[in-house]
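J.: what's the 3D shape of this:
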Amino acid sequence: MRCITLPVADCGRRSALVAILKRDVGNAAMLLNAFDLETSSGTRNLELRAGAFAGLGIEADLLAVSSEGLTNGAAPDAFLTRLQRDYGLRLQSTQRAVDLSGSLVNSWVSAELTLHPVPAGQGGRPVNSHFQRVAVVAGGLGHEQERDQPWTAFNRLFSLLAILPMQGIHCRTVAAPLFGLHPNGPDAAADYPHLLEICKQAFRHLPELHRLILFDRDDQVLRPLGATIDRRIQRKDPHHTLVELPQDLAALESLRHLCRCVLEDDSLKRLRVGADLTELIQLLQSDQVSPISLGLHSRRLLERLVAHCLHQCGDHQQRGLNSGIQQLRSLGLDPWLLSCMHQVRTFGNWMGHPQDTGRSRRVEQHDVLAMLCSLRRILADYPWITPPASPERESSAYGP
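T.: Purely as a prediction, here's the structure:
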């Protein structure tokens, strides 16, 4: 078994791994790190994703952008230019649903958008990110005049999110850039931990916010925040750790086949698992994989499938994954299959939760393989429960 981290690798291997990371960013799909926060209303997730937004496979209720480039005489903002090119979004003519311009929040939110994204963006990469509304937020951490001021761009964004439910606007998944935060900034050493603390407080005070995705085209801009997360949750292996996969293992090819089958299943399109499945397939085709990426994508896929299964059985209650699995147990699901679900769930939790058990543990190849074998069993047996109106099945819908 080899568990590899970039800082301690030899020059040849380091170059190879850097090439892998650059390839992933070039293909506009890369989950760098993730952080889970347990609140009184359930688990919340902070994700760091590197690459062009349009190709990250993000399904967001709200996309936040900076107001820079919108003022008269300002240079055009590159990100806004790409949004206009890829989605036809023209902020100057966008209808506003909530407008707090001129207040301390100094931001506004659009009405629900009807966008017509192009099939492929720059370089021919598919445009597979989608958003329902856009929030235009003033200021950013990179503005010298705003240093040491409480109303940074993220504080404005989170204050705006607190107001939206009173206007009938509900945002469970929010995507946002770093608003000018950069590792070469004069106060970067303090800004990254400060941003993480702001995000943690936002999750505690915004019960409707379940998933916050921070993105940037340059993974080097996000990596200091990833390192901050590693330290905060006492992660034994840094977020850029890669674990080798044995490519001659038949079970891995079977798992790739099952992932492709689920991805192509039209009945599951509305679950919005395409981005997770696509990245899982890409990861499983690599020689080395990120355990964090595997854990988070696999857990989210399981969450969606469990919720869908319960929905098919007439249970429409909002549940966390653990509660959902327990509900499936009460419906008579096979105990071994339930144990596989818990394996995927706990591996994903291990990759994202603070290590507060008093003992930190390194992730090794056999840990990854155990989780992947459990995921294979979960997908091979899906659908796990046949709805009463359907004929009883004798085998998996995705069998070879």
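J.: going along the chain, name the helices of the stretch 151-300 of the chain.
T.: Secondary structure of the stretch 151-300 of the chain (DSSP state H, counting those that start in this stretch): helices at 153-163, 188-205, 219-232, 250-263, 274-284, 291-312.
J.: touching the second one from outside, list them.
T.: Surrounding helix 188-205, the residues in contact under the criterion CB atoms under 8 Å, 6 or more residues apart in numbering are 35, 37, 39, 44, 46, 141, 152, 154-155, 158, 161-162, 178, 181-183, 185, 209, 212, 224-225, 227-229, 232. Heads up, the C-betas are built off the backbone N, CA and C, glycines and all.
J.: same check, this time on the fourth one
T.: For helix 250-263, contacts defined as CB under 8 Å, 6+ apart pick out 245-246, 268, 273-274, 277-278, 280-281, 284-285, 301, 372-373, 375-376, 379-380, 382, 397-398, 400.
J.: could you give the angle of it to helix 274-284?
T.: Here the directions of helix 250-263 and helix 274-284 differ by 160 degrees (axes from the mean of the first three to the mean of the last three CA atoms, to 10 degrees).
J.: avg pLDDT for helix 250-263?
T.: Taken as a whole, helix 250-263 carries a mean pLDDT of 91.
J.: what about the stretch 101-250 of the chain, any weak spots by pLDDT?
T.: 121-123, 140-151 (pLDDT under 70).
J.: picking that back up, and the contacts of helix 188-205, which of them are buried?
T.: 35, 37, 44, 46, 141, 152, 154-155, 158, 161, 178, 181-183, 185, 209, 212, 224-225, 227-229 (16 or more other CB atoms under 10 Å).
J.: follow-up on the earlier one: turn the helices of the stretch 151-300 of the chain into a markdown table, including distance to Met351.
T.: Converted to a markdown table, these look like this (distance: least, CB to CB, whole Å):
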| stretch | distance to Met351 |
| --- | --- |
| helix 153-163 | 24 |
| helix 188-205 | 17 |
| helix 219-232 | 11 |
| helix 250-263 | 18 |
| helix 274-284 | 13 |
| helix 291-312 | 3 |
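J.: which among the ones you listed is found nearest to Arg125?
T.: Evaluated over these, closeness to Arg125 peaks at helix 274-284, with 12.2 Å, by CB to CB.
J.: run through who's touching that closest one.
T.: 24, 27, 29, 31, 56-59, 128, 245, 252, 255-256, 259-260, 262-263, 289-290, 293-294, 297-298, 300-301, 372.
J.: kindly give a single PyMOL line that selects the buried subset of those residues.
T.: In PyMOL syntax, the buried subset of those is picked out as below (16+ other CB under 10 Å):
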select buried, resi 24+29+31+56+57+58+59+128+245+252+255+256+259+262+263+289+290+293+294+297+298+300+301+372
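J.: about what we covered before: which among the contacts of helix 250-263 end up buried?
T.: Buried, going by 16+ other CB under 10 Å: 245, 268, 273-274, 277-278, 280-281, 284, 301, 372-373, 375-376, 379-380, 382, 398, out of the contacts of helix 250-263.
J.: now do the strands in the stretch 101-250 of the chain.
T.: 107-110, 130-137, 173-176, 211-216, 242-244 (DSSP state E, counting those that start in this stretch).
J.: before we move on, what SS does the residue nearest the centre of the chain have?
T.: Nearest to the mean C-alpha position of the chain, by CA atoms, centre = their mean, lies Glu47 at 4.8 Å. Of the three states, Glu47 takes strand according to DSSP: H, G, I helix; E, B strand; the rest coil.
J.: am I right that it is in contact with Ile213?
T.: Yes - counting by CB atoms under 8 Å, Glu47 touches Ile213, with 4.8 Å between them.
J.: where's Arg256 relative to Arg232, distance?
T.: The gap separating Arg256 from Arg232 is 34 Å, by CB to CB, to the nearest Å.
J.: for Ile292, same thing?
T.: Ile292 is 14 Å from Arg232, by CB to CB.
J.: just to revisit the earlier point, select, out of the helices of the stretch 151-300 of the chain, the one closest to Thr241.
T.: Of all the helices of the stretch 151-300 of the chain, helix 291-312 comes closest under CB to CB, at 6.6 Å.
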